[in-house]
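J.: Compute the structure for the input listed below.
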Amino acid sequence: MKALLITTSLMLATLPYEAIGKATYYGEHWTGRKTASGERFHADSMTCAHKTLAFGTLLQVTDLNTMTSYVLKVNDRLPKSSGVLIDITYGAAKKFGIIKKGIMRAKVTNIGFRKIEK
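T.: Below is the predicted model:
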């Protein structure tokens, strides 16, 4: 059954996905806690939380105001009721330059998959 779940996750991670919406960021105080994928959260990592995409999905995230892009790996979950598209780490938010604003309009496109390390 576990092999079926992994295969299904890999198939979902490779399906085309593109969305535009709000991106916010996690505070540094989450550092060290486990994410939904089982990885430890590191505020300086280039990871994010998404409502449904498979853990390990690599996303090209583009700030639509500056057209700056970085690749982030999905390793956590957003609540289904969340009004944002993704939650990015503090480190990613710093690279995007949104620490003071706390939010950006983003385009998110899947570009691959990387195994989650626990």
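
J.: count of neighbours near Ala106?
T.: 25 (other CB atoms under 10 Å). Heads up, the C-betas are built off the backbone N, CA and C, glycines and all.

J.: so where does it fall, helix or strand?
T.: strand 103-113 (DSSP states H and E).

J.: in that strand, what counts as buried?
T.: Neighbour-count burial for strand 103-113, counted by 16 or more other CB atoms under 10 Å, picks out Met104, Ala106, Lys107, Val108, Asn110, Phe113.

J.: so Ile98 is in which element?
T.: Applying DSSP H and E, one finds Ile98 in no helix or strand.

J.: how about the helices in the chain?
T.: 2-14, 90-96 (DSSP state H).

J.: Can you flag the weakest of these by average pLDDT?
T.: Mean pLDDT values for the helices of the chain show the minimum at helix 2-14, a mean of 50.

J.: Report the central residue of the chain.
T.: Central residue of the chain (CA atoms, centre = their mean): Cys48, 2.4 Å from the mean position.

J.: Just grab the bridge partners of that one for me.
T.: Val74, Ile88 (DSSP bridges).

J.: check contacts around it.
T.: 23, 59, 61, 72-76, 86-89, 92 (CB atoms under 8 Å, 6 or more residues apart in numbering).

J.: now, which of those residues sits nearest Thr31?
T.: Thr89 (9.4 Å; CB to CB).

J.: gap between the closest one and Trp30?
T.: Thr89 sits 9 Å away from Trp30, going by CB to CB, to the nearest Å.

J.: Please apply the same query to Ala93.
T.: In terms of CB to CB, Ala93 sits 13 Å off from Trp30.

J.: Before I go, just wanted to say thanks for your time.
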